[in-house]
Structures are given as C-alpha cells and as structure tokens.
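Peer 1: Would you be able to build a 3D model of this:
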Amino acid sequence: MDQLVSDLGQIVGPSHVLTGTDMARYSSDWLHQYKWQPRAIIRPATVEQVSEVVKLANRMKIPLVPMGGNTGLAGGTCGEAALVLSLERMAAIREIRRKSKVAIVEAGVILSNLHAAADAEDLLFPLTFGARGSATLGGVAILRSGESYASFPVKQRITRFSSENPVWGRPP
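Peer 2: From the prediction side, this is the model:
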C-alpha cells in the first residue's frame, strides 16, 4: 500500500492522495445508506493526471471508481477496496461562449456554479434539481441525473459526455 500511495503521490502530488481517517467523507453516500472502505482517494487536477491514475490502476488491477459530488442515491460511488477518483479539483469553468451559447467546463464543476456563470452572461443553463449545489456535471453526465427535468437537446449534449455544455439564452 505504501508503494501505491507513493506512486499516486508522484502523479497528483502527495497532498492529493488521501488515506486513513482523511477518507471519511468519501467513504459513504450523503445519506449514509451505503458505506465502504476505499484503498485511497485520489484528487487529480488535470486530464493527464486522470489518465496516469487510470493506467496505474489498470496495471495493478485495482478497481477505480470516479466520484463527482457524491450526491447520487443509488450507491454509484461505492468503492470497497477501490481507488476513488474524486473530480473535485477539476472544477474550472473554462469559457462561456455567449454568442454560440456553449460552456466549456471541467467534470468537477458544480451545477449551481454553472448556473451562476451562465446568469452572469445573461444566459440560462436549464438543467436543475435538488442536489444542484453539490452535484457535479461529470456525475450528472454519467448518471443522466435530472433527465426528467431537462429538454431533449440538453440531455443529448450532456449525456454524450462532452466538456462542451449548451447554455441557452434567457426566455423573453
């Protein structure tokens, strides 16, 4: 385990590999209905770091579980003895293209932060639901969260797992 933690630390930086009691908030869902004991929590900041972590986990045959806001209700982030890949550091809203109504965002962006950024541009990102203050767009895309509330174009663009997410102009 020490070699694994060291190898992961070389990829994402030692302070972004969590073990022991530091893993507590990553070891259950937000309702505490599902609980698990991961091997470690890895918090990459770039796509390149994610790629290197995935390669290492694959080489060592260790399960890898991605985690967005951990707001799901179905135990999707349950990672017993797995490496949990938290996307919380990948939370940049890189660009909002007002004219084309497209937002370029990272997977760890919290839904309400995208709402605020779109609002600042007098635009609207129409997908919303109760966990919008902690749900991440990566998790939304993977789990197709809020699908029943979204219009068809929003669902299609988000669920194809692109980092380009449409942002609509405000209704008149």
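
Peer 1: Flag the shaky bits of this protein, pLDDT-wise.
Peer 2: Along the chain, segments meeting pLDDT under 70 span 1, 72-75, 142-172.

Peer 1: hey, which helix is longest across it?
Peer 2: If you go by DSSP state H, the chain has its longest helix at helix 47-60.

Peer 1: Can you spell out which helices and strands pack onto it?
Peer 2: Counting contacts by 3 or more CB pairs under 8 Å, 6 or more residues apart in numbering; DSSP states H and E, helix 47-60 packs against helix 2-12, strand 64-67, strand 83-86. Yep, even glycine has a C-beta here, placed from its N, CA and C like the rest.

Peer 1: of all those, which lies closest to A135?
Peer 2: In terms of CB to CB, the element of the helices and strands packed on helix 47-60 nearest to A135 is strand 64-67, at 11.7 Å.

Peer 1: Can you give the strand pairings for the closest one, parallel or anti for each?
Peer 2: strand 83-86 (parallel) (DSSP bridges).

Peer 1: distance between the partner strand and the chain's centre?
Peer 2: Distance of strand 83-86 from the chain centroid (CA atoms, centre = their mean, to the nearest Å) equals 10 Å.

Peer 1: Pull out the buried residues from that strand.
Peer 2: Neighbour-count burial for strand 83-86 flags 83-86 (criterion: 16 or more other CB atoms under 10 Å).

Peer 1: ditto for stretch 93-113
Peer 2: Quick answer for stretch 93-113 (16+ other CB under 10 Å): 93, 96, 101-103, 105-111, 113.

Peer 1: Equivalent analysis for stretch 117-124, please.
Peer 2: Buried residues in stretch 117-124, counting neighbours by 16+ other CB under 10 Å, are found at 117-118, 123-124.

Peer 1: Not counting its neighbours along the chain, what's nearest the residue nearest to the spatial centre of the chain?
Peer 2: Nearest to the geometric centre of the chain sits G68, at 3.0 Å (CA atoms, centre = their mean). Sequence neighbours aside, G139 is the residue nearest to G68 in space, at 2.8 Å (criterion: CB to CB, 6 or more residues apart in numbering).

Peer 1: try A131
Peer 2: Looking at A131 with CB to CB, 6+ apart, the closest residue is T71, at 3.9 Å.

Peer 1: residues contacting the one you found?
Peer 2: Applying CB atoms under 8 Å, 6 or more residues apart in numbering, we find T71 in contact with 30, 131, 134-135, 139.

Peer 1: go on, C78?
Peer 2: 29, 34, 36, 65.

Peer 1: again, but for V53
Peer 2: For V53, the contact set (CB under 8 Å, 6+ apart) comprises 8, 11-12, 42, 44, 64, 83, 85.
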